[in-house]
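> sharing a model prediction with you, sequence too.
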Amino acid sequence: PWPVRKHFSFDFTLENRGSLENVDCQILYTGAFESSLDIEIEGWQTQQFGLEQDNYWEAEEVGEYQINIIANHEQDADLSNDTLSFDLSILPTGLIRIITRSIDGDPVASQLYLYNLDIDPEKAYSDFIVIVEGDELIITSAMAGNYRFLVVPEFPYARQWINDVVIEGDDVYEHDMQFTQPDVLLINQDTDSSRSHYYTEALESLGYSYHHLNPTEDMAQAGFSDGFSTILYYTGDKDSSTVPEFMREELTQHQQNSGSLFITGQYIADELADDDFLSDVLHAEHLVDDSDMQMVEGVAGDEVFDEYSMLIFGNRGANNQRAPSGISPSNGGVVAALYRSRPDTAAVVRWEDDNGAKGMFFSFGFEAISGQVGNSRDEVMRAVLDWLDTPNTVYNSKTQTVPHSHGIQAIYPNPFNSSVTIISDINSNSGYYYKVFDVSGRHIASLPISNSGLSFWNGLDTRNAIVPNGNYFIVLQNVSDRNVFDTEIISLIK
């Protein structure tokens, strides 16, 4: 059953395991409705039947129903397993109405994904995806239950979660959303999107807002990177057209506008070895097509990667580095990391131009960092974005961006393995409370604040279940309007 449908369809499988070449069988439906189907099953074959999309049963009213499927055939000597029965709960439905606008009040076309927490909190049902070109999203029939919504707006805005949505029968759920342009533009120039999660997970773990873009040539001359503080550009497995001409122009313009750039890919330097973009914009020169190295080490004393090491091999990363390039700095570039045992071959070059623009070039794929040895992807991403001066803002429940503040004074221990203490400069009478979210935006727990400003979390969710290891957001919100006052990241390690 689908959470927004009142009708129901299903498939079932029958297998002829007997000695007869063909078996004639009548399928009877009883219970909530009555119908029949005459079928023939070939010997030792499995065949699928059922109520398909154009032949479904629809409940007339809310309530409990039973459906029986009976395989009625005389040739079968064993009739013990010939009936399949199951119960259905048809729940009341409610109306969902979401307004999506920019902070200036302009309509924002969006996609809405519904996650029914009572059925599968990790699955967005494809039939629920609503694409709206105006400023309203409306689903006229949403089954009663607990939900979270994912709203994915048009370029250049960042996707946002709506958590703790309760739909009740004959209810109308309304929510106003305001979008602002995020700080990071994540550009996917890979052959597909199979590597994208290595980047999105790192950004979300660190709390960065971003828009994920697959650029096309019709965007040339559009200045689509305007307004973004940092561009994160990755090429994954792509070994040709790694940085097309229209993208070279866009990235060049972004740097001329004092924007920050993080670009990563194993074939970029190979393909652009004779292109001025490599030397003038990425401040690097091509040395070798394949460094044949699996470990990258920060240069001693480097302000970014001193004492850092990155293993770019292993199945905890993408494990896709067939030929990580070797480079050297040019035009004011600085070597930030080298391939191990190759002191003359750089893996990372960074630069800072006279106009304040900063950039960093990984001549290998960031997605390959496994973290099995050395630093993790999250640690490396944080170091890069910190050095690039990338702002980090959070969104309140109405998705307006607000900067970090200082309501949370300390969190200890962090990381923690059993209980964590949060110290703030507020108390239980100040109208604030804490909520815990995982990196996907799912609400995990709500925490009261004592009169002394202390709060505690024991690693359990709202159902008293132990949550898995990982990073979580501690969000300080106002009780009355749910505005976000402060956000910090904690790590649970057991």
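In hand now; what should we look at?
> okay, CA-based contacts and neighbour counts for the rest of this
OK.
> quick one: strands adjacent to whichever strand or helix holds residue 23?
If you go by DSSP states H and E, residue 23 is part of strand 22-31. Strands that pair with strand 22-31, judged by DSSP bridges, come out as strand 35-42 (antiparallel), strand 63-72 (antiparallel).
> where among the ones you listed is average confidence lowest?
Mean pLDDT is lowest for strand 35-42 among these, at a mean of 82.
> give me the residues contacting that strand.
Here strand 35-42 makes contact (C-alpha atoms under 8 Å, 6 or more residues apart in numbering) with 14-16, 21-29, 47.
> just the buried residues of the residues you listed.
Buried members of those, scored by 16 or more other C-alpha atoms under 10 Å, are 16, 23, 25, 26, 27, 28, 29.
> was I right to think the last one contacts residue 69?
Yes: taking contacts as C-alpha atoms under 8 Å, residue 29 lies within contact range of residue 69: 5.0 Å.
> give the residues shared as contacts by those two.
Counting by C-alpha under 8 Å, 6+ apart, nothing touches both residue 29 and residue 69.
> returning to that earlier point: quick check: which of the strands paired with strand 22-31 is nearest to residue 291?
Nearest to residue 291 among those is strand 35-42 (58.8 Å), distances taken as C-alpha to C-alpha.
> give the buried residues for the following helix or strand past that closest one.
Per DSSP H and E, the first helix or strand lying C-terminal to strand 35-42 is strand 46-51. Buried residues in strand 46-51, counted by 16+ other C-alpha under 10 Å: none are found.
> averaged pLDDT, stretch 106-119. What do you get?
What stretch 106-119 shows for mean pLDDT is 84.
> extract the C-alpha trace of it and format it as PDB.
The C-alpha coordinates for stretch 106-119 follow below in PDB (Å, rounded to 0.1, in the frame of the first residue of the first chain):
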ATOM      1  CA  ASP A 106       9.300  35.400  -5.300                       C
ATOM      2  CA  PRO A 107       7.900  32.000  -6.100                       C
ATOM      3  CA  VAL A 108      10.400  29.100  -6.000                       C
ATOM      4  CA  ALA A 109       9.600  26.000  -8.100                       C
ATOM      5  CA  SER A 110      10.400  22.900  -6.000                       C
ATOM      6  CA  GLN A 111      10.100  19.200  -5.700                       C
ATOM      7  CA  LEU A 112       8.500  17.700  -2.600                       C
ATOM      8  CA  TYR A 113       9.500  14.200  -1.300                       C
ATOM      9  CA  LEU A 114       7.500  12.500   1.500                       C
ATOM     10  CA  TYR A 115       9.100  10.100   3.900                       C
ATOM     11  CA  ASN A 116       6.500   8.200   6.000                       C
ATOM     12  CA  LEU A 117       8.200   7.400   9.200                       C
ATOM     13  CA  ASP A 118       5.700   4.800  10.200                       C
ATOM     14  CA  ILE A 119       6.400   2.700   7.000                       C
END
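> for this protein, which segments are assigned as helices?
Secondary structure of the chain by DSSP state H: the helices cover 196-205, 245-256, 268-271, 276, 377-387.
> mean pLDDT, mean neighbour count and distance to residue 419 added to the ones you listed, as JSON lines?
Formatted as JSON lines, the helices of the chain follow (pLDDT from 0 to 100; neighbours: other C-alpha atoms under 10 Å; distance: least, C-alpha to C-alpha, whole Å):
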{"stretch": "helix 196-205", "mean pLDDT": "92", "mean neighbour count": "18", "distance to residue 419": "20"}
{"stretch": "helix 245-256", "mean pLDDT": "94", "mean neighbour count": "18", "distance to residue 419": "45"}
{"stretch": "helix 268-271", "mean pLDDT": "96", "mean neighbour count": "24", "distance to residue 419": "46"}
{"stretch": "helix 276", "mean pLDDT": "96", "mean neighbour count": "13", "distance to residue 419": "54"}
{"stretch": "helix 377-387", "mean pLDDT": "96", "mean neighbour count": "18", "distance to residue 419": "23"}
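> wait, which of those is closest to residue 224?
Of all the helices of the chain, helix 245-256 comes closest under C-alpha to C-alpha, at 7.9 Å.
> mind giving me the packing neighbours of the closest one?
strand 260-264 (3 or more C-alpha pairs under 8 Å, 6 or more residues apart in numbering; DSSP states H and E).
> who's in contact with the strand it packs on?
229-235, 251, 254-255, 357-366, 384, 388-390.
> got it, and stretch 203-219?
So stretch 203-219 is in contact with 155-159, 182-189, 246, 378, 381-382, 392-394, 439-440, 471-472, 489, going by C-alpha under 8 Å, 6+ apart.
> let's see that with 7 Å instead.
156-158, 182-189, 246, 392-393, 439, 471 (C-alpha atoms under 7 Å, 6 or more residues apart in numbering).
> any of those residues buried? List them.
So, by 16+ other C-alpha under 10 Å, the buried ones in those are 156-158, 182-189, 246, 392-393, 439, 471.
> just give me the least confident of these.
Scoring the buried ones among the contacts of stretch 203-219 by pLDDT puts residue 393 last, at 63.
> list the residues that contact residue 268.
By C-alpha under 7 Å, 6+ apart, the neighbours of residue 268 are 242, 363.
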